[in-house]
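S.K.: next comes the sequence, and after it the predicted model I'd like to discuss.
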Amino acid sequence: MKRTSAQVTDNHDHDQAPEPSDPFALPAPDTVPRLPVTFRPTRTRVAVYAVSSLLIATLVVVALILPDTGPTAWSIPERTGFAAIGPLISAGLYLLARPRIVADEQGVTVVNTVRTQHLEWAQIVRVNLRPGDPWVLLDLDSGEVLPAMGIQASGGKAARRAAGELRALVDEHTRTERDD
């Protein structure tokens, strides 16, 4: 006998969770975080600081062991210049560790690698972290989409939880009488 859709939905022999109404639903936090709150991509920051430290240490050690005599001798200014490359590259890497999202009573400050933008709560329409997105995207009332690199999808469940917390904060601070 072929089952109809009514028979399938009326069958209580299996316990399956209902499909969420929003396919991009983020986990809702038990409680809305207290303000101020800062979201940062922990893995990226740890990786950047580790690579920077290793790079600086390696270049300083190499500068110290470069020959100072013979046909390929390195002078002190040349060694200093070689060692100084590490901090210069690290300063560039620091831009990758800079992103964060700071939520306070006045709104949300989005700090990306180069640009910082302050938004009032009412400017944010929706917080998204869809499958395939590299980081949170904020839909703004102007129709623009602002990338917020402070919550990166590479953070896994913690990133989805943080995005859910940010969405809950936006929902709480943009609620209207009609709740639209």
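M.R.: Structure's in. What do you need?
S.K.: was I right about Arg161 contacting Pro27?
M.R.: Yes: Arg161 lies in contact with Pro27 (C-beta atoms under 8 Å); the separation is 5.7 Å. The way it works is simple: take the backbone N, C-alpha and C, and place the C-beta from them, glycine included.
S.K.: what's the helix ranked longest in the chain packed up against?
M.R.: Secondary structure assigned by DSSP state H gives helix 42-65 as the longest helix of the chain. Packing contacts for helix 42-65, counted by 3 or more C-beta pairs under 8 Å, 6 or more residues apart in numbering; DSSP states H and E, involve helix 76-97.
S.K.: okay, angle between the helix it packs on and helix 42-65 too, please.
M.R.: Interaxial angle of helix 76-97 relative to helix 42-65 (axes from the mean of the first three to the mean of the last three C-alpha atoms, to 10 degrees): 180 degrees.
S.K.: buried stuff in whichever helix or strand comes after helix 76-97?
M.R.: Of the helices and strands lying after helix 76-97 in sequence (DSSP states H and E), the nearest is strand 100-104. Going by neighbour count (16 or more other C-beta atoms under 10 Å), the buried part of strand 100-104 is Arg100, Ile101, Val102, Ala103.
S.K.: in the longest helix of the chain, which residues are buried?
M.R.: Thr44, Arg45, Val48, Ser52, Leu55, Ile56, Leu59, Val60, Ala63.
S.K.: just the closest of the residues you listed to Gly143, please.
M.R.: The closest of these to Gly143 turns out to be Thr44 (C-beta to C-beta; 29.1 Å).
S.K.: show me where pLDDT drops low in the chain?
M.R.: For the chain, the stretches with pLDDT under 70 are 1-24, 176-180.
S.K.: quick one: the longest strand along the chain to strand 100-104, angle?
M.R.: Once the chain is assigned using DSSP state E, the strand that runs over the most residues is strand 145-152. Orientation check (the same axes, to 10 degrees): strand 145-152 against strand 100-104 gives 100 degrees.
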